[in-house]
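Enquirer: Could you work out the structure for the sequence below:
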Amino acid sequence: MGNTLTSRQAHTSDNQGRDYETEEGFVGPVDPARMETYDESTQRLDPNGLDSQSHWAQNALNLVNERHCFMDEHIAVDGAPGRGTRAAVRKFQEVAHTVVPGLAKLRVNGIIDAFTVDALERALGIPAPPSVLSPRQAKHAVGQNNASAVATDALPQFQSARRVPAAHQSSDGTYNLPLVQHVAALQQDVGQHAKGVGTLPKIDGVWSKSLLNLFGSMYDQQASEGQTNTTALWPRAGASMEEQYEHFSRISEAFGHTVTEGQPTIIALRGVMNYANETHTSKHLKAYDDSFILLVKTAEGVHVDVFSGATHAYQAASRASPNADGKGQSDVGSVRTNDGSKMYTINARGTFKGRESMHITADPKEWLGKEGDAKAKDISWNRGFVPVDRDTNQDRDMSDAEKTASATRRTKERDGQNQHRQVVNGMGDYGNGVYFHSGYTVTKKDGTNQKYSSIACQTARLEDVQRLRQASSGDSGVKYLLVDAAEAAARLNG
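Expert: Numbers count the residues shown, from 1 in each chain. Now for the predicted structure:
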């Protein structure tokens, strides 16, 4: 992250996980002229030279080396990481924690993973471009958008509303390679909102009239009927890292939680896309349509990371979910909103379907009072046991009546808990084994070649999950505040 508030988008290891075996090596003495995609006059990477994240990373390594001299020679900028790039990455990983204040030591593996990209971004103050599309797809999208009146008309508002970093913006009214990656990320964020249940939009980085209409409805200055204006949720464009941290901390404080040094906190705003000016109805759909804000404070300073994800389930029903009300089908859930008196904790524990994930837990003493003392000794409460609201009519929409029913549901079991229906007296409906894991755009790493689903878990792009996992690796994990965006805006405005 740099000093411009940016939406975290997808970063993939070695340009979408491919292992390049080229014989690229070091290319000679340090020579700024070789940094062909770096514009010294504007102190930014030239977006027209960035056809992949690998190009960005190679340039970034050279630029960080200019300032910190961790390697003797520059590496080639060819977009195909080989031996030389991997060696340079290893050298940077060895010293990154001495270059970036407050950064934990990186794993030295020579891979351009999410942690390394994050460290390079923070060392430079220049964000990496998204990497949703392949370089070939991105180049095609540039041509398609530059020949489209719809795309041309959308560009000014898109750059402004989505807070596209200055380093990725157009200077002449045409699309460049990073910009179409941002369009593709928007397509992932809106997901099934674009075409309805059962259909996913084509993730190609190309504007369509339907995407433009949906974008306009969420980012117009005037809130639609039945929705809430959310401009109060966002810091001003161009705010410094300190200003961003102060602004988002006020949201946390409005719900009774204070972010403290050494204890990372993540805020989820349910029902609003990153930087959108109005809320939308939260539904159980495949979409990264909620906003996450990770706040970190160390002795060296503060850091803010904003990214897209889902606080809701994707499906209308699932055999893996309980039948909470004893009627009809199984009832998927969404993690219940909370406040400072009932914070969740996210801890890095194990993997889910082969990829990094985290457990989300609730403190039974906070939710159940004295009755929670015994539950606190139950090991299952430390394995993703959290209160949820169940969609008991499977319409993908959590009504106020369903939320109330979930919170007040009771059981006559002797110990006050029905594990089959997942109900505990004092909390109501709960979910066990609730994770924060990769979302619907990511393929499971378990040999099935299937995409992830969700029936209560929190989801996001793999790269954002990895960064959150890194933040949650400490003994106290990450404190998690999940709130409705409309309520957050009301409290800030009040």
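Enquirer: so Q192 makes contact with H284?
Expert: No - using Cβ atoms under 8 Å, Q192 makes no contact with H284, being 9.6 Å away. Just so you know, the C-beta spots here come from the backbone N, C-alpha and C atoms, and that holds for glycine as well.
Enquirer: Neighbour count: those two, which is higher?
Expert: More crowded of Q192 and H284, by other Cβ atoms under 10 Å: H284, with 25 against 20.
Enquirer: so who does that one touch?
Expert: 312-316, 332, 334, 391, 396-398 (Cβ atoms under 8 Å, 6 or more residues apart in numbering).
Enquirer: For the spatially most central residue of the chain, give me the pLDDT.
Expert: Nearest residue to the geometric centre of the chain (Cα atoms, centre = their mean): F307, 3.4 Å. For F307, the model assigns a pLDDT of 95.
Enquirer: ok so, going back, now the buried members of the contacts of H284.
Expert: Neighbour counting over the contacts of H284 (16 or more other Cβ atoms under 10 Å) leaves 312-316, 332, 334, 391, 396, 398 as the buried ones.
Enquirer: could you dump those to a markdown table with distance to T279 and pLDDT?
Expert: Shown next, in a markdown table, are the buried ones among the contacts of H284 (distance: Cβ to Cβ, whole Å; pLDDT from 0 to 100):
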| residue | distance to T279 | pLDDT |
| --- | --- | --- |
| H312 | 13 | 97 |
| A313 | 19 | 95 |
| Y314 | 20 | 94 |
| Q315 | 22 | 91 |
| A316 | 22 | 91 |
| V332 | 22 | 95 |
| S334 | 15 | 95 |
| D391 | 19 | 95 |
| R396 | 17 | 93 |
| M398 | 14 | 92 |
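Enquirer: Just the ones of these in helices?
Expert: Residues of these located in helices (DSSP state H): none.
Enquirer: May I have the phi/psi pair for the residue nearest to the centre of the chain?
Expert: In terms of degrees, to the nearest 10, the main-chain angles of F307 are phi -150, psi 170.
Enquirer: now swap in L482 and tell me
Expert: Main-chain torsions, L482, degrees, to the nearest 10: phi -110, psi 120.
Enquirer: Spell out, range by range, the helices that occur in this protein.
Expert: Under DSSP H, the chain gives helices at 14-17, 53-68, 83-99, 114-124, 135-146, 149-161, 177-190, 209-219, 241-254, 364-368, 372-376, 400-408, 462-471, 485-493.
Enquirer: May I see the buried residues of the last one?
Expert: Applying a neighbour-count criterion of 16+ other Cβ under 10 Å, one finds 485-489 buried in helix 485-493.
Enquirer: Same check on the second one?
Expert: Within helix 53-68, the residues that qualify as buried are 53-65, counting by 16+ other Cβ under 10 Å.
Enquirer: Kindly export that helix (C-alpha atoms) in CSV.
Expert: Provided in CSV are the C-alpha atoms of helix 53-68 (Å, rounded to 0.1, in the frame of the first residue of the first chain):
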residue,chain,number,x,y,z
GLN,A,53,2.4,-8.5,-12.2
SER,A,54,5.8,-10.1,-13.0
HIS,A,55,6.8,-7.0,-14.9
TRP,A,56,5.8,-4.9,-12.0
ALA,A,57,7.7,-7.0,-9.5
GLN,A,58,10.8,-7.0,-11.6
ASN,A,59,10.7,-3.2,-11.9
ALA,A,60,9.9,-2.9,-8.2
LEU,A,61,12.9,-5.0,-7.2
ASN,A,62,15.2,-2.8,-9.2
LEU,A,63,13.6,0.3,-7.7
VAL,A,64,13.9,-0.9,-4.1
ASN,A,65,17.5,-1.8,-4.9
GLU,A,66,18.1,1.8,-5.9
ARG,A,67,17.2,2.9,-2.4
HIS,A,68,18.5,0.0,-0.3
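Enquirer: Now do that helix: which elements does it pack against?
Expert: helix 14-17, strand 38-39, strand 44-45, strand 73-75, helix 83-99, helix 114-124 (3 or more Cβ pairs under 8 Å, 6 or more residues apart in numbering; DSSP states H and E).
Enquirer: Any idea how far that helix is from the middle of the chain?
Expert: Counting by Cα atoms, centre = their mean, to the nearest Å, helix 53-68 is centred 24 Å from the centre of its parent chain.
Enquirer: is it true that the residue nearest to the centre of the chain touches Q458?
Expert: No - if you go by Cβ under 8 Å, F307 and Q458 don't touch, sitting 11.8 Å apart.
Enquirer: follow-up on the earlier one: I293 versus the residue nearest to the centre of the chain, what's the distance?
Expert: As judged by Cβ to Cβ, to the nearest Å, F307 and I293 stand 8 Å apart.
Enquirer: same question, R319
Expert: 34 Å.
Enquirer: Likewise for Y480?
Expert: Counting by Cβ to Cβ, the gap from Y480 to I293 is 11 Å.
Enquirer: now swap in P129 and tell me
Expert: 21 Å.
Enquirer: neighbour count winner among those two?
Expert: P129 (29 against 24).
Enquirer: With adjacent residues omitted, what lies nearest to the more buried one?
Expert: P178 (3.5 Å; Cβ to Cβ, 6 or more residues apart in numbering).
Enquirer: Measure how buried the one you found is and give me the count.
Expert: P178 has 27 neighbours, counted by other Cβ under 10 Å.
Enquirer: do Q188 as well
Expert: Neighbour tally, Q188, other Cβ under 10 Å: 23.
Enquirer: again, but for P165
Expert: P165: 25 neighbours (other Cβ under 10 Å).
Enquirer: In contact with K403, which residues?
Expert: So K403 contacts 336, 389 (Cβ under 8 Å, 6+ apart).
Enquirer: Need the pLDDT of R319.
Expert: In this model, R319 is scored at 90, pLDDT.
Enquirer: How about the contacts made by the nearest residue to it once chain neighbours are set aside?
Expert: Using Cβ to Cβ, 6+ apart and skipping residues adjacent in sequence, the residue nearest R319 is S330, 6.0 Å away. Counting by Cβ under 8 Å, 6+ apart, S330 makes contact with 317-323.
Enquirer: Now which of those residues would you call buried?
Expert: Taking 16+ other Cβ under 10 Å as the criterion, what is buried in the contacts of S330 is 317-318, 321-323.
Enquirer: Ramachandran coordinates for T279?
Expert: Note on T279: its backbone torsions stand at phi -80, psi 170 [degrees, to the nearest 10].
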